[in-house]
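# After the sequence you'll find the predicted model.
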Amino acid sequence: MSNITGKNALITGSSRGIGQQIALGLANLGCHIIVHGRTKDSCKKTVELLKPYAIQTYCVYGELSNEQDVNNIIQQVKSLNINIDILYNNAGVMTSYKTEYLTHTWEDWITSMKVNVLSVYSLCSAFIPLMLDNSFGRIINVISGITHEPELAPYGASKWALIKLTDDLAIKLKDTTIRINTLDPGWLRTDLGGDYAEHPVEDVLPGALAPALIGNDGPNGKSFFGIGNTVI
């Protein structure tokens, strides 16, 4: 296992929900946290929750559905002049549940792919080279265990695309000290998961921290699970 005390972690979508829990969990292990939200104001709650920890806290903001905004987020992070040791691609979007499952619009598909896949690719493209230069990096891409739900086809398909992207990048990183894996957080009570989910959002810990703690020769291109703290 790696000692991540003093490491810097960028967590997308950490203004609330699962991302906020991951931020708190990593802060408890001594990580400095870069909070991300859609707006600067949306970061305030998480930044406030992080105050009791003896760490540095930063805020970056912008939409992940817009290429220019994503590039701006990357520039905000780089302007901090710190290493990005952990990239937790947590943010995601789920378009509307369509009982008429053959009525998803192209916009539903495009939005899902932009946020859930393309923004992740851009962030990986920006920070993997820097991680390689620094000989350390942990990338965790949040996926979904959703199956047999054509009513949520754009969301499900985008998450499967993210699994494929992770697998492909893992092949390129297999002989390096950079580890890239996925996390299925489980069905949690969040804005996305809904009020009837099986678990409170807090149950994502400590499982969600496991892929950030692996050693340089640890799992690569594997799936971790927030509930039960397992890996396959």
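Ah, there it is. What you see is a predicted model, and the numbers here were worked out from it, not measured in a lab. Numbering: from 1, shown residues only.

# Could you list the buried residues of the longest helix anywhere in the chain?
Assignment by DSSP state H gives helix 153-173 as the longest helix of the chain. Using 16 or more other Cβ atoms under 10 Å as the test for burial, helix 153-173 gives 153-163, 165-166, 169-170, 173. All C-beta spots, glycine's among them, are computed from the backbone N, C-alpha and C.

# Which SSE is immediately downstream of that helix?
Per DSSP states H and E, the first helix or strand lying C-terminal to helix 153-173 is strand 178-184.

# Give me the below-cutoff pLDDT ranges for the chain.
Along the chain, the model assigns pLDDT under 70 to residues 187, 189-198, 229-232.

# quick one, strands of it?
8-11, 32-37, 57-61, 86-89, 137-142, 178-184, 188-189, 199-200, 223-225, 230-231 (DSSP state E).

# Need the phi and psi values for the residue lying farthest from the centre of the chain.
Each residue of the chain has a distance to the centre, and by Cα atoms, centre = their mean the biggest one is for residue 100: 30.1 Å. Dihedral angles of residue 100 (phi, psi; degrees, to the nearest 10) stand at phi -80, psi 90.

# Residue 91 too?
phi -60, psi 140.

# State the number of residues packed around it.
A total of 24 residues lie near residue 91 under the criterion other Cβ atoms under 10 Å.

# do the same with residue 77
22.

# Which residue lies closest in space to it, excluding its sequence neighbours?
What sits nearest to residue 77 in space, not counting adjacent residues and going by Cβ to Cβ, 6 or more residues apart in numbering, is residue 60, at 5.6 Å.

# Show me what the one you found bridges to in the sheet.
As for beta bridges, residue 60 partners with residue 36 under DSSP bridges.

# hang on, it packs against residue 36?
Yes - Residue 60 lies in contact with residue 36 (Cβ atoms under 8 Å); the separation is 5.3 Å.

# Which one of these two is surrounded by more residues?
Counted by other Cβ under 10 Å, residue 60 and residue 36 do not tie: residue 36 has more neighbours, with 29 against 22.
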